[in-house]
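Visitor: generate a structure from the sequence data that follows.
(one chain, ligands or ions: 1)
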Amino acid sequence: MNKSIRIKGNASVANVSCGFDCIGYAISVPGDLITLTKKNTPGIDITMSGFGSDSISCDPKNNTGGQAIVSLLEALTSDQGFHLHIEKGIPPGSGVGSSAASAAAAIVGVNELLNNPLTLNELLVHGMAGESASAGVEHADNVAPALLGGIILIRSYNPLDILELPVPDSLFSTIVLPDLVVNTRDARNILPKNVPLKTAIAQAGNLAGFSLALHNEDFDLLGRSMVDHFAEPHRAKLIPGYKAVRNAALDAEAIGCGIAGSGPAVFALSDSLEKAEKIGLAMVNTFKNSGLASQSYCSPIHTQPPEILG
Ligand code: HSE
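Guide: Numbers count the residues shown, from 1 in each chain. As a prediction, this is how the structure comes out:
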C-alpha cells in the first residue's frame with residue numbers, strides 16, 4: 001500500500017499593519033488539513049474539500065499546493081508522483097493565508113515522504129512559488145510564517161533574507177473573518193505602484209518601531225507602530241464598516257488593529273486571551289452593524305511549523 005501522511009497547515013496574518021509584504025505571524029486556528037500519498041506514476045493529482053473548495057482549481061499549475069510541490073520536485077529532479085487532498089478549513093479569499101497554509105503543509109509533507117532532503121528554510125522558495133499561483137506574485141509574508149511559525153520579517157527578497165522576530169509570551173491574536181471574499185490579486189491591483197517619499201519614511205519608522213517593540217516587549221510602542229501607510233488607505237473601502245471595526249477593537253483595549261493581509265479579515269493584537277476574546281466580540285458586533293456576519297478566532301501566536309499528524 002502507498003504511504004499516506006496528513007499535515008496540518010497553519011493560517012497567518014500578513015503585513016501586520018506596518019510591514020507590507022515583509023512581516024507576518026502564524027496562528028493555529030483556523031487551519032487546513034493536507035493528505036499526501038505517494039503514487040506509482042509521475043504527476044500530481046489533486047482533490048479538494050471543505051470551505052470554498054469549489055472555487056479552487058485542481059490543476060497543479062493553478063493550485064498553490066500543487067504549484068509548490070511541482071517547484072520542489074523540479075529542484076530535487078524527482079519524478080515521484082503524489083496524490084494531494086486538501087481539506088480547506090481556512091476560507092479562500094479571507095485574508096488569513098489560505099493558499100499559503102496549503103502550500104506550506106504540502107511541501108512539508110512531500111519533503112517528509114522523500115526523507116527530508118531540504119530544511120524548512122530551503123523549502124520556503126517552493127512555498128513562494130505556490131503563492132504565485134493565487135496572488136500573481138511571490139510574496140512571502142504568509143507562507144514564511146505558515147512554514148516556520150512565529151513572527152517573521154522578510155528583510156530582503158533578493159537575496160532572500162528571512163528573520164525570526166521575538167514572540168512575547170503575553171501577545172495574543174484576534175482575527176475576525178467577515179462573510180465576504182476579497183481576491184489578493186485584485187487587492188494588490190488597486191495599490192499605487194509608487195509611494196511618495198514622506199509615506200515611505202512614515203512606514204519605515206513604524207516598521208523599525210514594531211521590530212524594537214517585540215524585542216523590548218514594549219506594547220505601547222507596538223501599538224504606535226501598527227499603522228499602515230501603504231495598503232490600508234486604499235483597501236479599507238473593500239471592507240464595509242472597516243473603520244468602525246478597527247475603532248471597536250481599539251476601544252476594547254487592542255494594542256493595535258489592521259487589515260489581515262489583503263483582507264477582508266481584520267486582526268488585532270492584545271496582551272491577554274481574555275482581552276483577545278472581548279476584542280473579537282466587539283469586532284463581530286460592529287461588522288453586524290454593517291450587515292456582515294463574521295467569525296472570530298483568538299489564540300497565541302503559533303510558533304511551530306506545519307504539524308505532521310501521522
Ligand atoms: N502582503 C500581501 C498583500 C499579503 O498585502 O497583498 C496577502 O495576503
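
Visitor: kindly list the longest helix within the chain.
Guide: Secondary structure assigned by DSSP state H gives helix 197-216 as the longest helix of the chain.

Visitor: what comes up buried for that one?
Guide: Residues 202, 203, 206, 207, 209, 210, 211, 213, 214 are the ones in helix 197-216 that count as buried (16 or more other CB atoms under 10 Å). C-beta: built from backbone N, CA, C; applies to glycine.

Visitor: out of those, who's nearest residue 172?
Guide: Closest approach to residue 172 among the buried residues of helix 197-216 (CB to CB): residue 214, at 13.9 Å.

Visitor: next one: stretch 190-210 to chain centre, how far?
Guide: 21 Å (CA atoms, centre = their mean, to the nearest Å).

Visitor: can you put the buried residues of helix 197-216 in TSV and add distance to the ligand?
Guide: TSV is the format used below for these (distance: CB to the nearest ligand atom, whole Å):
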residue	distance to the ligand
202	17
203	13
206	15
207	13
209	19
210	15
211	17
213	20
214	19
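
Visitor: greatest separation within those residues: which pair is it?
Guide: Using CB to CB, the two most remote members of the buried residues of helix 197-216 are 202 and 214, lying 19.4 Å apart.

Visitor: nearest residue to the residue in the chain that the ligand sits nearest to in space, please, no chain neighbours.
Guide: Nearest to the ligand in the chain, going by CB to the nearest ligand atom, is residue 261, at a distance of 2.7 Å. Distances taken as CB to CB, 6 or more residues apart in numbering place residue 14 nearest to residue 261, at 3.9 Å, with adjacent residues excluded.

Visitor: and that neighbour, how many neighbours?
Guide: Residue 14: 31 surrounding residues under other CB atoms under 10 Å.

Visitor: beta partners for it?
Guide: For residue 14, the beta-bridge partners are residue 24 (DSSP bridges).

Visitor: who's in contact with it?
Guide: 21, 23, 24, 97, 139, 141, 142, 145, 260, 261, 262 (CB atoms under 8 Å, 6 or more residues apart in numbering).

Visitor: what does residue 299 give?
Guide: With CB under 8 Å, 6+ apart, residue 299 has these contacts: 27, 28, 29, 172, 173, 276.

Visitor: hang on, it in a helix?
Guide: No - counting by DSSP: H, G, I helix; E, B strand; the rest coil, residue 299 falls outside a helix, being strand.

Visitor: which positions in the helix or strand of the chain with the lowest mean pLDDT come out as buried?
Guide: Lowest on mean pLDDT, DSSP states H and E among the helices and strands of the chain sits helix 120-135, with a mean of 89. Using 16+ other CB under 10 Å as the test for burial, helix 120-135 gives 120, 123-135.

Visitor: how about the strands in the stretch 201-310 of the chain?
Guide: Under the criterion DSSP state E, counting those that start in this stretch, the stretch 201-310 of the chain contains strands at 256-259, 266-270, 294-300, 307-308.

Visitor: now, of the ones you listed, which is deepest in the fold?
Guide: Between those, strand 266-270 has the highest mean count of neighbours, a mean of 29, where neighbours are mean count of other CB atoms under 10 Å.

Visitor: who does it pair up with?
Guide: Going by DSSP bridges, the partners of strand 266-270 are strand 172-178 (antiparallel), strand 256-259 (antiparallel).

Visitor: is it possible to get TSV of these that adds mean pLDDT?
Guide: Output for those, formatted as TSV (pLDDT from 0 to 100):
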stretch	mean pLDDT
strand 172-178	98
strand 256-259	98
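
Visitor: export the ones you listed to a markdown table and tack on distance to residue 78?
Guide: Below are the strands paired with strand 266-270 laid out as a markdown table (distance: least, CB to CB, whole Å):
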| stretch | distance to residue 78 |
| --- | --- |
| strand 172-178 | 36 |
| strand 256-259 | 39 |
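
Visitor: so can I have a markdown table of those strands showing distance to the ligand?
Guide: Below are these laid out as a markdown table (distance: least, CB to the nearest ligand atom, whole Å):
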| stretch | distance to the ligand |
| --- | --- |
| strand 172-178 | 12 |
| strand 256-259 | 8 |
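
Visitor: alright, I will stop here.
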